[in-house]
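*Asks:* how would this look folded up:
(chains A and B)
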Amino acid sequence: MSASAPGPVVEIAGLHKSFGEREVLRGIDLTVHQGEVVCIIGASGSGKSTLLRCINLLEQPTAGTIRVLGTEVTDPDVDIDKVRTHVGMVFQQFNLFPHRSVLENCTLAQRQVLHRSKAEAEAVAMKNLEHVGLADRANSAPGQLSGGQQQRVAIARALSMDPALMLFDEPTSALDPELVGEVLAVMRTLAEEGMTMLVVTHEMIFAREVGDRVIFLDDGVVLEEGPPDQVLGAPREERTQAFLRRVLDPTHIDPA
Amino acid sequence: MTAAPSDARPALAGRARMSPRRRAQASRRVQYAILVLIVVAVAVTADWGRVGSAFFNPESIRAIASRLPQAALNTITYTGAAFSVGLALGLVLALMKLSTVRVYRVLATGYIEFFRGIPALLVVFAFGYGIPAALEVRFESVILPIALALGMVSAAYIAETIRAGIQAVPKGQVEAARSLGMSARSTLTHVVVPQALRIVLPPLTNEAVLLTKDTSLVFALGLTPATYELTRLGRGALSEADGGMTSILAVGVMYLLITIPLSSLTRWLERTTGYKGHV
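*Replies:* As a prediction, the model looks like this:
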């Protein structure tokens, strides 16, 4: 049951999630293999973020099973903290700890959860900060960094736990347009190094160039799924085509 | 969609009778005039000789001067002791109020409602006379009943302040910590509480200032001259021949010497523990 064992990294079967009366996910089946980069696209409210947040149990599924690295996280007695140490997550709003320095952001969980020594945790943190190009800002406060830099620190923070899977929840949606590139570049490097990644995104160029597979989520179900060139280049479904038109050509939308 | 540009020129053609700038000037002139009238009226009608001797009598200051430092020190000691109890108990109550265990929430809510709803003086009486008589205990030092009585009352207010501070920490902070595998407790102690305490620093100082003034209630415990705090000292001086209004004023100034630095302390703490930049 170790992370290196063959077999899917994520296996989702029949996943449902409701918020009160509203059913956000209506039967999702999804398998992600080692080293795969899966991009999830879809309209606002289609359930993309909820799907991602169910995988590390930030949202509790209503029905269905999710297996992460062989462990069933939908089991009520799962040691979810243990699973989460192997699953990195990057949020739209960065969520860096504002009362800690950049370096401390990357060492806190290493020290508290993995019980690494201060020296070891700092070495790992510095290695990952270097990876995202921010080693020189280790002693800065998060608030002193630009949005793009903060998001790169958030990626380094997640990587410092040596995760086997990375979840990205619209990582560039809160960024100024000129800062999007630096974050996508880090994510591309990560993908090229073989990291298994699930990315909720509106960056169609990233999905096309970096993604191994694209999933179009519509109203809580996977409507279309396949290689990026097919889903983004020649979508079969009418609703996928309409969505891509809205995203790629936003000034020619009939408001009706 | 009709998009014909409307023409506002005719409506703007006339000149305003009074521009906002002129109106503001006129309003300021009226306000200054009222102030001058009041100052003149007071200056003409007051009996300055009498005011001087009643409020600024050097004799009465000399009479209590030697006892002022000890009384101020006692006020500070009582405040510190009560605040320690209030902060510790308040933090526990705040965590109880946020607990997933319903019984804890109910208990904390009951405590807070009770102690916020009754006069602090009543609690002081309880610790001064009620509890010693009922349980046959005797407090050796006067500090203990003061710290317990005032601390238990202020804990109710501090608990609500801290709870609000904890809830003001963005949900994303908890999610980030938990997604790194940190336990609920570790998240609370390393991520939530440090940020919450900074948020509640200003209202917490407010509590300390209120508590400083509430120490005046301990007269109800029957103090000895050695344990007099500021208000008790001022009240005693009232009945002495050369006491009067001046000693009350002197005691009031002593309170300000305690509370105003407290406010500067918060500002300093906010600056030094503050986050650099914005997140």
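*Asks:* Report the central residue of chain B.
*Replies:* In chain B, the centroid-proximal residue (CA atoms, centre = their mean) is residue B:206; its distance is 2.8 Å.
*Asks:* for it, helix, strand, or coil?
*Replies:* helix (DSSP: H, G, I helix; E, B strand; the rest coil).
*Asks:* any idea how far it is from residue B:154?
*Replies:* 11 Å (CB to CB, to the nearest Å). (Glycine included, C-beta is placed from N, CA and C.)
*Asks:* neighbours around residue B:199, how many?
*Replies:* Other residues near residue B:199 number 17, with proximity taken as other CB atoms under 10 Å in any protein chain shown.
*Asks:* How about residue A:241?
*Replies:* Residues near residue A:241, counting by other CB under 10 Å: 13.
*Asks:* so it is in which element?
*Replies:* helix A:238-248 (DSSP states H and E).
*Asks:* Skip ahead from the helix or strand harbouring residue A:128 and say which helix or strand is next.
*Replies:* In the assignment (DSSP H and E), residue A:128 maps to helix A:118-131. The C-terminal neighbour of helix A:118-131 among helices and strands, as given by DSSP H and E, is helix A:147-159.
*Asks:* Just the CA trace of that next one, in PDB.
*Replies:* Only the C-alpha atoms of helix A:147-159 are listed here, as PDB (Å, rounded to 0.1, in the frame of the first residue of the first chain):
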ATOM      1  CA  GLY A 147       0.500  37.400  -5.700                       C
ATOM      2  CA  GLY A 148       2.500  35.300  -8.100                       C
ATOM      3  CA  GLN A 149       5.400  35.000  -5.600                       C
ATOM      4  CA  GLN A 150       2.900  34.100  -2.800                       C
ATOM      5  CA  GLN A 151       1.400  31.300  -4.900                       C
ATOM      6  CA  ARG A 152       4.900  30.000  -5.700                       C
ATOM      7  CA  VAL A 153       5.600  29.900  -2.000                       C
ATOM      8  CA  ALA A 154       2.300  28.000  -1.500                       C
ATOM      9  CA  ILE A 155       3.500  25.400  -4.000                       C
ATOM     10  CA  ALA A 156       6.900  25.200  -2.300                       C
ATOM     11  CA  ARG A 157       5.100  24.800   1.100                       C
ATOM     12  CA  ALA A 158       3.000  21.800  -0.300                       C
ATOM     13  CA  LEU A 159       6.100  20.300  -2.000                       C
END
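*Asks:* Show me what it packs onto, helices and strands only.
*Replies:* Judged by 3 or more CB pairs under 8 Å, 6 or more residues apart in numbering or on different chains; DSSP states H and E, helix A:147-159 is in contact with strand A:87-90, helix A:102-112, helix A:118-131, helix A:177-192.
*Asks:* and the shortest one, how far from the chain's centre?
*Replies:* Taking CA atoms, centre = their mean, to the nearest Å, the mean C-alpha location of strand A:87-90 is offset from the chain mean by 6 Å.
*Asks:* now for it, which elements pack on it?
*Replies:* helix A:147-159, strand A:165-169, helix B:171-179.
*Asks:* Next up, phi/psi of the residue in the stretch 151-256 of chain A that chain B sits nearest to, please.
*Replies:* Per CB to the nearest CB, residue A:161 is where the stretch 151-256 of chain A lies closest to chain B, at 6.1 Å. Backbone torsions of residue A:161, given as degrees, to the nearest 10, read phi -90, psi 10.
*Asks:* Please apply the same query to residue A:12.
*Replies:* phi -120, psi 130.
*Asks:* of all the helices and strands packed on helix A:147-159, which gets the most neighbours per residue?
*Replies:* For the helices and strands packed on helix A:147-159, average neighbour numbers computed from mean count of other CB atoms under 10 Å in any protein chain shown are highest in strand A:87-90, which has a mean of 26.
*Asks:* Sheet partners, orientation included, of that one?
*Replies:* strand A:165-169 (parallel) (DSSP bridges).
*Asks:* what about the strand it pairs with, distance to the chain center?
*Replies:* With CA atoms, centre = their mean, you get 2 Å for strand A:165-169.
*Asks:* Distance of residue B:7 relative to chain A?
*Replies:* Applying CB to the nearest CB, to the nearest Å, the value for residue B:7 to chain A is 27 Å.
*Asks:* My read is that residue A:46 contacts residue A:215, right?
*Replies:* No: Residue A:46 is not in contact with residue A:215 according to CB atoms under 8 Å; the separation is 10.6 Å.
*Asks:* hang on, the earlier thing: need the helices and strands packed on strand A:87-90 in CSV (columns: mean neighbour count and distance to residue A:117).
*Replies:* Listed next are the helices and strands packed on strand A:87-90 as CSV, based on neighbours: other CB atoms under 10 Å in any protein chain shown; distance: least, CB to CB, whole Å:
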stretch, mean neighbour count, distance to residue A:117
helix A:147-159, 25, 18
strand A:165-169, 25, 25
helix B:171-179, 20, 21
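*Asks:* Switch those over to JSON lines; also include mean pLDDT and distance to residue A:185.
*Replies:* Putting the helices and strands packed on strand A:87-90 into JSON lines (pLDDT from 0 to 100; distance: least, CB to CB, whole Å) gives the following:
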{"stretch": "helix A:147-159", "mean pLDDT": "97", "distance to residue A:185": "9"}
{"stretch": "strand A:165-169", "mean pLDDT": "97", "distance to residue A:185": "14"}
{"stretch": "helix B:171-179", "mean pLDDT": "97", "distance to residue A:185": "23"}
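*Asks:* of all those, which lies closest to residue A:253?
*Replies:* Nearest to residue A:253, of all these, is strand A:165-169, at 25.5 Å by CB to CB.
*Asks:* The closest one to helix A:147-159, inter-axis angle?
*Replies:* Orientation check (axes from the mean of the first three to the mean of the last three CA atoms, to 10 degrees): strand A:165-169 against helix A:147-159 gives 150 degrees.
*Asks:* now the helices and strands packed on helix A:147-159 as TSV including distance to residue B:198?
*Replies:* TSV is the format used below for the helices and strands packed on helix A:147-159 (distance: least, CB to CB, whole Å):
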stretch	distance to residue B:198
strand A:87-90	25
helix A:102-112	16
helix A:118-131	24
helix A:177-192	28
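*Asks:* Sounds good, over and out.
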